[in-house]
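Novice: Here is a sequence with its predicted model. Questions after.
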Amino acid sequence: MDRIIIRGGNRLTGRLPISGAKNSALTLLPCALLTDEPVTLRNLPRLADVDSFGHLLNQLGVSTMVEGARPEDFGRVMTLRAGRVTSTVAPYDIVRKMRASILVLGPLLARAGEATVSLPGGCAIGNRPIDLHLKALEAFGARIEITAGYVKAIAPDGGLPGGTVTFPVVSVGATENALMAAVLANGTCILDNAAREPEIVDLCHLLIAMGAEIEGVGTDRLTVVGKPRLHGATYAVMPDRIEAGSYACAAAITGGDVDLVGARADDMQAVLAALRDAGVEVEVKRDAIRIAAAGRLRPLTLSTAPFPGFPTDMQAQFMAMLCMADGASVLTETIFENRYMHVPELARMGADISVNGRTAVVRGVPKLTGAPVMATDLRASMSLILAGLVAEGETIVNRIYHLDRGYERLEEKLQTVGADIERNNDD
Ligand code: UD1
């Protein structure tokens, strides 16, 4: 199995390119199901999850063609075409490996009048239900049946009539599924207390480019006037704000000076504000965000929240960074239970962290020490990479398939800015 080996202590400097956003790509890809015309996505990150999503779409009758895939390039262009939807079933085997498969539910229902998707079940960062996805589709007029581990959504003959859903809690995935179902409805669909994450805005922009009518983009109330059909479009995936935030932490924890090329500051205000509070210099340039740090960091008090709050997807990376702060930080995770599984691994590297329910207290330590570690999810794995970059000696990160799901050519990017990091195979 592949693993990553880091010899810590190098200060990171230079320019590091930011890829297209994974979480955006995974909601833009299923939009191809909404039209029989080609949809071309540019700046798609080269990630295992994007490939898996392509394979799922292939099974549903979507053809996928990849261009510009020279090995030295970051990102690629994919043209998807769903001339005819040949299957409306997302099977267990695929959904269990990639939770985002649930995002075919809304567009399949809208285009084909029905969709059957395996229930995703639990995952490493907690029990992640899909009740809100179903609540929205029901509010728009779908009938929902759950049998044998599968959920089936069925539209009345002639399509979804439309309606209003008020989400009791903000859900990124449920907002995405509801939007993709709404754009082909017969009537108007209203999403109240919708998620406002930049990835949702990206989704709205693609849908509008395909001919959808959506009002309130970027707010928590979206009004969608359904259209009889959508057309093809060409669209570039937004830069990955979580990848950018992760490398910002890498620059900060090593006392480095790094330009995050292509990162968009507007999508990252909460993270940039937290970095500044920690004493990190943040300079927004024309084509990049410069992150520079010198000396010990200051401790922080942070609580995760839906956008524009501090993202749950940055909690683990900040925790690693704050191990090197001068004093005690307090982190509260409000989105997912069970999202502190990196804590025992960081502790093995010398971190001083105590967890009580949803709150973690991180006491800064003089140094971290390299160790063999492994992680159980994507962002947790990144926190171990960050700790490894500053730790004394060698850190071996196992189970890196998590990282390959979400960080395009991680070790190559970190090498460019001076990290001593390599991938090898222990077989
Ligand atoms: C998405 C992202 C994930 C990120 C998360 C928060 C993708 C593929 N995944 O996940 O990387 O960590 O947003 O930014 O883009 N909830 C329910 N019922 C539901 C749906 C959600 O109770 O039907 C709860 C969840 O348990 C959680 C909260 O709502 O407590 C937010 O979850 P949600 O925003 O839906 O996260 P995902 O879309 O799964």
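Specialist: Okay, I see it. Numbers count the residues shown, from 1 in each chain.
Novice: and the closest residue in space to residue 316 that isn't next to it in sequence, what element?
Specialist: Closest residue to residue 316 apart from its sequence neighbours, by CB to CB, 6 or more residues apart in numbering: residue 383 at 3.8 Å. Glycine gets a C-beta too; all of them are placed from N, C-alpha and C. Mapping residue 383 onto the secondary structure by DSSP states H and E places it in helix 378-390.
Novice: So what's the gap between that helix and the chain middle?
Specialist: Offset of helix 378-390 from its chain centre (CA atoms, centre = their mean, to the nearest Å): 16 Å.
Novice: so where's the stretch 1-150 of the chain shaky on pLDDT?
Specialist: Along the stretch 1-150 of the chain, segments meeting pLDDT under 70 span 68-69, 121-126.
Novice: C-alpha coordinates for the helix or strand residue 317 falls within, CSV please?
Specialist: Element membership of residue 317, judged by DSSP H and E, is helix 315-322. Coordinates of each C-alpha in helix 315-322 appear next as CSV, following Å, rounded to 0.1, in the frame of the first residue of the first chain:
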residue,chain,number,x,y,z
GLN,A,315,-11.1,22.0,11.7
ALA,A,316,-8.5,19.2,11.6
GLN,A,317,-5.9,21.2,9.8
PHE,A,318,-6.2,24.2,12.2
MET,A,319,-5.9,21.8,15.1
ALA,A,320,-2.6,20.5,13.8
MET,A,321,-1.4,24.1,13.3
LEU,A,322,-2.5,25.2,16.7
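Novice: Which is the succeeding secondary structure element to it?
Specialist: On the C-terminal side of helix 315-322, the nearest following helix or strand under DSSP H and E is strand 328-332.
Novice: which residues are in contact with that following strand?
Specialist: 299-304, 315, 318-319, 322, 358-364 (CB atoms under 8 Å, 6 or more residues apart in numbering).
Novice: Throw together a ChimeraX command that grabs the buried residues out of those.
Specialist: Only the buried entries of these go into this ChimeraX selection, using 16 or more other CB atoms under 10 Å:
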select :299,300,302,304,315,318,319,322,358,360,362,364
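Novice: So which of the contacts of strand 328-332 sit within strands?
Specialist: 301, 302, 303, 359, 360, 361, 362, 363 (DSSP state E).
Novice: how about the nearest residue to the third one, chain neighbours excluded?
Specialist: In space, and not counting its chain neighbours, residue 303 is closest to residue 332: 4.1 Å by CB to CB, 6+ apart.
Novice: for residue 115, same thing?
Specialist: According to CB to CB, 6+ apart, the nearest residue to residue 115 is residue 108 (3.5 Å).
Novice: got the residues of the chain near the ligand?
Specialist: Contacts of the chain with the ligand, taken as CB under 6 Å from any ligand atom, map to 23, 26, 100, 128-133, 169, 171-174, 311-313, 335-336.
Novice: Which ones among these map onto helices?
Specialist: Among the residues of the chain next to the ligand, DSSP state H puts 23, 26, 131, 132, 133, 172, 173, 174 in helices.
Novice: which of the residues you listed count as buried?
Specialist: Buried members of these, counted by 16+ other CB under 10 Å: 23, 26, 132, 133, 172, 173, 174.
Novice: per-residue confidence averaged over the helix holding residue 383?
Specialist: Across helix 378-390, the average pLDDT comes to 96.
Novice: For that helix, C-alpha coordinates in CSV please.
Specialist: C-alpha atoms of helix 378-390 as CSV (Å, rounded to 0.1, in the frame of the first residue of the first chain):
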residue,chain,number,x,y,z
LEU,A,378,-9.7,13.0,4.2
ARG,A,379,-9.2,16.2,6.3
ALA,A,380,-7.8,14.2,9.3
SER,A,381,-5.1,12.8,7.0
MET,A,382,-4.2,16.3,6.0
SER,A,383,-3.8,17.3,9.6
LEU,A,384,-1.2,14.5,10.0
ILE,A,385,0.7,15.8,6.9
LEU,A,386,0.8,19.2,8.5
ALA,A,387,2.0,17.9,11.8
GLY,A,388,4.7,15.9,9.9
LEU,A,389,5.9,19.0,8.1
VAL,A,390,6.9,20.6,11.4
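Novice: Identify the residues contacting whichever residue of the stretch 101-250 of the chain sits closest to the ligand.
Specialist: For the stretch 101-250 of the chain, the residue positioned closest to the ligand under CB to the nearest ligand atom is residue 173, at a distance of 2.8 Å. Contacts for residue 173 were tallied using CB under 8 Å, 6+ apart; they are 100, 102, 103, 130, 133.
Novice: what about the closest residue to residue 369 other than its chain neighbours, which helix or strand?
Specialist: Distance criterion CB to CB, 6+ apart; nearest residue to residue 369, sequence neighbours excluded, is residue 350 at 4.8 Å. Per DSSP H and E, residue 350 falls between elements, in no helix or strand.
Novice: what do you get for the one 4 residues further on?
Specialist: Residue 354 is part of strand 352-356 when elements are defined by DSSP H and E.
Novice: Show residues contacting that strand.
Specialist: Residues outside strand 352-356 that contact it (CB under 8 Å, 6+ apart) are 319, 323, 340, 343, 346, 347, 360, 361, 362, 363, 364, 365.
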